[in-house]
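Engineer: Turn this into a structure:
(one chain, ligands or ions: 1)
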Amino acid sequence: MTRIFPDFAYSDGPRAGCWWDDTCDLPDYPVMDSDIDCDVAIVGAGFTGLNAALRLAEAGVDVIVVDAETVGWGASGRNGGFCCLGGGKISDAQLDRRFGKDERLAYRAAEKAAVFHVQNLIDRLQLDVDKHSNGETELAHNPRVFRDLVDTAAAIEENYGVTPDFTSKDKLRDAGLNGPFHGARTTPIGFGLNPRKYIVGLARAVVKAGGRIFSNSPVLSISGTTILTKLGRATAKNVIVATNGYSSETVPNWLSGRYMPAQSSVLVTRPLSQAEQSEQGWSSAQMAFDSRNLLHYFRLMPDGRFLFGMRGGLRSSPRSEAQSRRKTHHDFKQMFPAWAQIDVTHSWSGMVCVARNLLPYVGPIPEQPGVYTALCYHGNGVAMGSFSGACLADLVLHQNERALPKAMRQPLATFPFGKARRLLMPPVYAGYAVSDL
Ligand SMILES: Cc1cc2nc3c(=O)[nH]c(=O)nc-3n(C[C@H](O)[C@H](O)[C@H](O)COP(=O)(O)OP(=O)(O)OC[C@H]3O[C@@H](n4cnc5c(N)ncnc54)[C@H](O)[C@@H]3O)c2cc1C
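Structural biologist: Predicted coordinates:
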């Protein structure tokens, strides 16, 4: 497997210290150590792969899921747990220009459907995932942005069919949202969850429905619709590649140059007492993010711990990981100064994934009949990855096919510079940092 970050990024190093690992046990799944015949072989046991597997297994399809590590080892078991709108990093104006208004609305409807997809799964499987928050709150990092948030309320109504709620700067403390913010807009779609409890629930449901899961079995190559691991091969009628930010240039070769992994970094504090929450003026159960391009995301979880995340470093090594954890702590203390002395008990990082056209892709791998993929959720894959996995299953089944919006059916374009494409990121981040001033 050829991957574009140093090996450290794909090791347990960035993952060490992940809070979710302390919150529930992971079932054991065997290594794939023999040859298998099946209908569908799925590479990657994150939200995408397991949602595809669940739908297929429940439809009576003989499906296997093979992960290089363990269930949820990738981003799905170490994210911020925001089950929210999003999936692309694209504006309404860009969508209108590229696809027209109807397709823009279809894409926004898919974002909303993605959140309800997860909600329905949680209800149907009766998963206890520590849910909280009534939608998501965006906090303006300057007065101009707050005016923009107010001015674009009609777009929220048009795109998602809901009316956002506004909190002016002087009311933020009363709302338990105090910080260096200039007002808030709450869109009542989405909720926070414990991603590990969600993915463990998914994995158990897949097995209950007859699917088989294998761990510690890196897929080394895909030939036709056969996947090869070190100890066995699976011959399938269809293959789904669900590897997102942990993808490689060779599994399959078509992905080479077409996805951009980027790091995100998270910390979690010890539980905060009511008095400590009051001191900072943050007691809201809302999941929130600030309005920067290089945004910070944060939420007070039901057990009183505070989760705070932001973009990670551009490099990956033990040293740069330590730097990025320090930077995350630094920004946390700046934003929430009353908590500067509070113990940060956990911190970690992982890979999100970006596409050149700033949209997720769900569909066939061109020129490789029977092989499908879904990836590039731009840091918002709890809902969109889950939904995309289920949509992939529909594509494979050729039944109940959802009308995927055109915006999500555009095969991934290659980035300039091939395997050296990470060179593009420093100027992009620098541009964002300037626009965030
Ligand atoms: C720190 C962080 C915070 C985030 N916060 C949020 C958030 O709050 N809300 C939100 O919506 N999104 C968030 N995201 C993004 C979200 O977690 C991802 O978009 C989503 O989990 C992607 O799911 P996936 O199943 O496609 O990929 P992943 O969960 O990354 O799974 C890919 C899997 O593929 C496996 N794999 C790779 N190559 C091979 C191979 N050759 N053979 C076998 N297996 C292979 C990997 O081991 C991995 O387990 C965050 C991501 C990170 C890293």
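
Engineer: C-alpha from now on. contacts and neighbour counts both.
Structural biologist: Fine.

Engineer: Start from the N-terminal end of the stretch 151-300 of the chain and give the helices.
Structural biologist: 153-160, 195-208, 274-280 (DSSP state H, counting those that start in this stretch).

Engineer: ok, Pro180 touching Pro143?
Structural biologist: No. Between Pro180 and Pro143 there is no contact under C-alpha atoms under 8 Å: 11.0 Å.

Engineer: More neighbours: which of those two?
Structural biologist: For Pro180 versus Pro143, neighbours defined as other C-alpha atoms under 10 Å are more numerous around Pro180 (17 against 13).

Engineer: Show the backbone phi and psi for the residue nearest to that one when sequence neighbours are not counted.
Structural biologist: Among residues not flanking Pro180 along the chain, Met335 sits closest, at 6.3 Å (C-alpha to C-alpha, 6 or more residues apart in numbering). Backbone torsions for Met335, taken as degrees, to the nearest 10, come to phi -80, psi -30.

Engineer: Touching, Met335 and Gly179? I think so.
Structural biologist: Yes. Counting by C-alpha under 8 Å, Met335 does reach Gly179; the two are 6.1 Å apart.

Engineer: Give the residue from these two that has the larger number of neighbours.
Structural biologist: A count of neighbours by other C-alpha under 10 Å puts Gly179 above the other of Met335 and Gly179, at 20 against 17.

Engineer: And that one, how close does it get to Asp170?
Structural biologist: Distance from Gly179 to Asp170, counting by C-alpha to C-alpha, to the nearest Å: 11 Å.

Engineer: Quick check: the gap between His378 and the ligand.
Structural biologist: His378 is 7 Å from the ligand, where distance means C-alpha to the nearest ligand atom, to the nearest Å.

Engineer: Now for that residue, how many residues are close by?
Structural biologist: 24.

Engineer: which strands and helices sit next to the strand or helix carrying Gln94?
Structural biologist: In this structure, Gln94 sits in helix 92-99 according to DSSP states H and E. Where contact means 3 or more C-alpha pairs under 8 Å, 6 or more residues apart in numbering; DSSP states H and E, helix 92-99 is packed against helix 101-125.

Engineer: Identify each buried residue in the helix it packs on, please.
Structural biologist: Buried residues in helix 101-125, defined by neighbour count with 16 or more other C-alpha atoms under 10 Å: 103-119, 121-122.

Engineer: what's the answer for stretch 29-40, then?
Structural biologist: Buried residues in stretch 29-40 (16+ other C-alpha under 10 Å): Tyr29, Val31, Met32, Asp39, Val40.

Engineer: Just the ones in helices from those residues, please.
Structural biologist: Using DSSP state H, the subset of these located in helices is empty.

Engineer: Would you reformat those as TSV and include distance to the ligand?
Structural biologist: Shown next, in TSV, are those (distance: C-alpha to the nearest ligand atom, whole Å):
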residue	distance to the ligand
Tyr29	13
Val31	11
Met32	11
Asp39	18
Val40	14
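
Engineer: Just give me the closest of those residues to Ile199.
Structural biologist: Proximity of the buried residues of stretch 29-40 to Ile199 (C-alpha to C-alpha) peaks at Tyr29, which lies at 13.8 Å.

Engineer: Roughly how far does that closest one sit from Leu139?
Structural biologist: The value you get for Tyr29 to Leu139, if C-alpha to C-alpha is used, is 42 Å.

Engineer: deepest of the helices of the stretch 151-300 of the chain, which one?
Structural biologist: With neighbours taken as mean count of other C-alpha atoms under 10 Å, these reach their highest mean count in helix 195-208, at a mean of 22.

Engineer: quick one, it and helix 101-125 angle?
Structural biologist: Following axes from the mean of the first three to the mean of the last three C-alpha atoms, to 10 degrees, one obtains 80 degrees for the angle between helix 195-208 and helix 101-125.

Engineer: quick check, helix 195-208 touching the ligand?
Structural biologist: No. Under the criterion of C-alpha under 6 Å from any ligand atom, helix 195-208 makes no contact with the ligand; the nearest approach is 8.4 Å.

Engineer: which other residues reach that helix?
Structural biologist: With C-alpha atoms under 8 Å, 6 or more residues apart in numbering as the test, helix 195-208 has contacts from 20-21, 23-24, 26-27, 46-47, 50-51, 53-54, 57-58, 71-72, 76-81, 122, 125, 127-129, 212-213, 382.

Engineer: Buried ones among the residues you listed?
Structural biologist: 20-21, 26, 46-47, 50-51, 53-54, 57-58, 71-72, 76-81, 122, 127, 129, 212-213, 382.

Engineer: Those also near the ligand: which ones?
Structural biologist: Checking the buried ones among the contacts of helix 195-208 against the ligand (C-alpha under 6 Å from any ligand atom), the matches are Gly46, Phe47, Gly72, Ser76, Arg78, Asn79, Gly80, Gly81, Val382.

Engineer: Look up the closest residue to the last one, ignoring the ones flanking it.
Structural biologist: Translated: Val382. Cys83 (5.3 Å).

Engineer: Check the fourth one too.
Structural biologist: For Ser76, the nearest residue in space outside its immediate sequence neighbours is Gly46; the separation is 5.2 Å by C-alpha to C-alpha, 6+ apart.

Engineer: Could you pull up the residues touching that neighbour?
Structural biologist: Val71, Gly72, Trp73, Gly74, Ala75, Ser76, Gly77, Ile199, Ala242, Thr243.

Engineer: taking those residues one by one, which sit in helices?
Structural biologist: Short answer: those in helices (DSSP H) are Ile199.

Engineer: Among the contacts of Gly46, which one lies nearest to Met408?
Structural biologist: Once C-alpha to C-alpha is applied, the member of the contacts of Gly46 that ends up nearest Met408 is Ala242, at 15.3 Å.

Engineer: List phi and psi for the closest one.
Structural biologist: According to degrees, to the nearest 10, Ala242 has phi -130, psi 60.

Engineer: any idea how far it lies from Arg3?
Structural biologist: 15 Å.

Engineer: Asp436 now?
Structural biologist: Taken as C-alpha to C-alpha, the span from Asp436 to Arg3 is 31 Å.

Engineer: And the two? Which one has more around it.
Structural biologist: Arg3 (17 against 14).

Engineer: I'd say that one and Pro252 touch.
Structural biologist: No. Judged on C-alpha under 8 Å, Arg3 makes no contact with Pro252 at a distance of 11.8 Å.
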